[in-house]
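**Q** Output the structure for:
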Amino acid sequence: ALTVRFLTRRFIGEYGDMEFIYSHNLTVDGREILFHIWDVPSSQEQAEEGSSEEKRIQWADSFVLVYSICDRASFNILPLKIQFIKAAKEGQSQEKVPIVIVGNKRDLHHQRVVSSEEGRLLALSLDCGFYEVS
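**A** Modelled structure (predicted):
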């Protein structure tokens, strides 16, 4: 849903649980940037072997990891995923890999089980960016 919103500026209520690679041009600070987004639903990622996940990690230059503020399990898997990404990317290079943690479904505050503070603290402890969105 976040990828579709970024690409089209539209919100859709229902979407599939399929993996896609999208390309998108965007002007940022006067520069034309070409984004290639490999969107992998969490349910598919969990069912795959580590080699497929490592292939995606090697392909990417940066990472946006999304969890639902209404789903503790989606939040709890983040530290392991981030450690896996950092080991794969930073082990080859001295450069820090850009990683952003995004708490989704902020509009469902009445169903919240992961606090904003928990998200901020996790991001701080793992040296990642942090946002909450609806």
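
**Q** I'd like the next helix or strand past the helix or strand of the chain with the lowest mean pLDDT.
**A** Least confident helix or strand of the chain, by mean pLDDT, DSSP states H and E, is helix 42-47 with a mean of 52. Downstream of helix 42-47, the first helix or strand assigned by DSSP states H and E is helix 50-59.

**Q** so S68 touches S74, yeah?
**A** Yes - in this structure, S68 is within contact of S74 by C-beta atoms under 8 Å, at 5.0 Å. Where you see a C-beta, it was placed from the backbone N, CA and C, and this is true even at glycine.

**Q** quick one, phi psi at the nearest residue to K81 once chain neighbours are set aside?
**A** What sits nearest to K81 in space, not counting adjacent residues and going by C-beta to C-beta, 6 or more residues apart in numbering, is L65, at 6.1 Å. The main-chain torsion angles of L65 are listed as degrees, to the nearest 10 and equal phi -110, psi 120.

**Q** Quick one: residues contacting L65.
**A** The contact partners of L65, taken as C-beta atoms under 8 Å, 6 or more residues apart in numbering, are L78, K81, I82, I99, V100, I101, V102.

**Q** mind listing what the fourth one touches?
**A** If I follow you right, that is I99. S62, F63, V64, L65, I82, I85, K86, L126, D127, C128, G129.

**Q** Can you tell me how far the first one is from N76?
**A** As judged by C-beta to C-beta, to the nearest Å, S62 and N76 stand 23 Å apart.

**Q** distance of the residue in the chain sticking out farthest from the centre from I37?
**A** Distance from the C-alpha centroid of the chain, by C-alpha atoms, centre = their mean, peaks at G30 (25.3 Å). For G30, the distance to I37 equals 22 Å [C-beta to C-beta].

**Q** Mind listing what's buried along stretch 124-134?
**A** For stretch 124-134, a neighbour-count test (16 or more other C-beta atoms under 10 Å) marks L126, C128, F130, E132 as buried.
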